[in-house]
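Enquirer: predicted model and sequence below, questions to follow.
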Amino acid sequence: MATQRVTRAVLPLAGLGTRFLPATKAVPKELLPLVDRPCLDYIIAEAVASGIEDMVFVISKGKGALLEHFSKDPYLEQYLEERNQTHLLAEVRRAARLAKVVAVRQHDALGLGHAVLTARPAVGDNPFAVLLGDDIIHNPAKPGLRQLLDVWDQHGQCVVALIEVPREETKRYGICDGTLRGRLMEVTGMVEKPDPADAPSNLSIVGRYVLPGEIFDILERTPKGAGGEIQLTDALAVLASRGQAWGYLFEGRRYDTGNVLGWLEATVGLALERPELAPQVREILRNALN
Ligand code: G1P
């Protein structure tokens, strides 16, 4: 039986961005720029390049600006048009045309699993992708999410993106147990944020998932877990225990923009990827070190 095509993505964007205060007091963390585009713009572009058409934003109070960025702005377009600012006009239009966006509200901060469950009315029983707003996966040749969707197309079961992390960092991530063959892992277990001593491996989940619609029923029954929150990892562990979960060690570079140093690393790394900026950026870095 052919697997159902995945056309929707859920983006949990309700978080407060406390690790980035005071910058995020009035500005959603997902709108902080990486070079000249908001973080979220890169993530949506990755989803679109992977073949996803519809985005479901899970937002909370104060996150309305996220929708503005992906909406048409006739006044700004006219302003730029009248001044022949064609490059900027194209950029402003590109963001608004990138994807179809609907929003649902998460009223209580009860965890990632709860955020995903909040999107249920917009997703129905269909399979869907989840992209976390902090994780940038840079691979111009093959977008990170596309790599996971290829595994979905083959197996029709849950797929999570994996990276190797140093043992002492397992406490920051969902960690997978199972057998790795090449880049593909048959996942038999998952634990959210284990102590290094209890971690079943050093293969950690990063912010890309492809999930079957049945995950919603599992999430409805998932009790609070690590940090007193409803954890997506705990619901995925149910699929893993049934032999219905895969992990994929994706090709590409991952930046964690949710903390100051990760954001700086992403800013520098992505600026160096831009041929028109790279020579000056190198010079700025050289000067800063002298
Ligand atoms: C979330 C997930 C965790 C995953 C991580 C990836 O944690 O709960 O399983 O490894 O994202 O970035 P958070 O970073 O929201 O604490």
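Expert: Thanks, I have the structure now. Numbers count the residues shown, from 1 in each chain.
Enquirer: switch to C-alpha atoms for all contacts and neighbour counts from now on
Expert: Fine.
Enquirer: lowest-pLDDT helix or strand in the protein?
Expert: helix 86-97 (a mean of 88; mean pLDDT, DSSP states H and E).
Enquirer: so what touches it?
Expert: If you take Cα atoms under 8 Å, 6 or more residues apart in numbering as the criterion, helix 86-97 is touched by Asp41, His69, Phe70, Ser71, Lys72, Glu77, Leu80, Glu81.
Enquirer: for the ligand, what are the nearby residues on the stretch 151-290 of the chain?
Expert: Contact residues (Cα under 6 Å from any ligand atom) of the stretch 151-290 of the chain with the ligand: Tyr173, Gly174, Glu192, Ser204, Ile205, Val206, Gly207, Thr233.
Enquirer: repeat that with 8 Å
Expert: By Cα under 8 Å from any ligand atom, the part of the stretch 151-290 of the chain that sits against the ligand consists of 172-175, 191-193, 204-207, 231-233, 256, 258.
Enquirer: buried subset of these as a ChimeraX selection?
Expert: Buried residues within those, by 16 or more other Cα atoms under 10 Å, are selected in ChimeraX with:
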select :173,174,175,191,192,193,204,205,206,207,231,232,233,256,258
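Enquirer: tell me which helix or strand comes right after the least confident helix or strand of the chain.
Expert: As assigned by DSSP states H and E, the chain's next helix or strand after helix 86-97 is strand 100-105.
Enquirer: packing partners of that following strand?
Expert: Strand 100-105 sits against strand 54-59, with contacts defined as 3 or more Cα pairs under 8 Å, 6 or more residues apart in numbering; DSSP states H and E.
Enquirer: need the residues that contact the helix or strand following the strand it packs on.
Expert: Moving toward the C-terminus from strand 54-59, the next helix or strand (DSSP H and E) is helix 65-69. The set of residues external to helix 65-69 that reach it, using Cα under 8 Å, 6+ apart, is Val27, Pro28, Glu30, Leu31, Ala95, Ala96, Val101, Ala103.
Enquirer: which ones are touching the third one?
Expert: The neighbourhood of Glu30, defined by Cα under 8 Å, 6+ apart, consists of Leu13, Pro38, Cys39, Leu40, Leu66, Gly133, Asp134.
Enquirer: any idea how far it is from Arg97?
Expert: Going from Glu30 to Arg97 by Cα to Cα, to the nearest Å gives 18 Å.
Enquirer: ok so, going back, okay if I get the contacts of helix 86-97 as CSV plus distance to the ligand and secondary structure?
Expert: What follows is the contacts of helix 86-97, written out as CSV (distance: Cα to the nearest ligand atom, whole Å; DSSP: H, G, I helix; E, B strand; the rest coil):
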residue, distance to the ligand, secondary structure
Asp41, 17, helix
His69, 23, helix
Phe70, 23, coil
Ser71, 27, coil
Lys72, 30, coil
Glu77, 35, helix
Leu80, 37, helix
Glu81, 40, helix
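Enquirer: surely Leu277 touches Ala271?
Expert: Yes - under the criterion of Cα atoms under 8 Å, Leu277 makes contact with Ala271 at 6.3 Å.
Enquirer: neighbour count: those two, which is higher?
Expert: Of the pair Leu277 and Ala271, Ala271 is the one with more neighbours under other Cα atoms under 10 Å, namely 20 against 13.
Enquirer: so who does that one touch?
Expert: Shown in contact with Ala271 (Cα under 8 Å, 6+ apart): Val35, Leu277, Ala278, Val281.
Enquirer: tell me which of those fall in helices.
Expert: Applying DSSP state H to the contacts of Ala271, the entries found in helices are Ala278, Val281.
Enquirer: and the contacts of Ala271, which of them are buried?
Expert: Listed as buried from the contacts of Ala271 are Val35, Ala278, Val281; burial here means 16+ other Cα under 10 Å.
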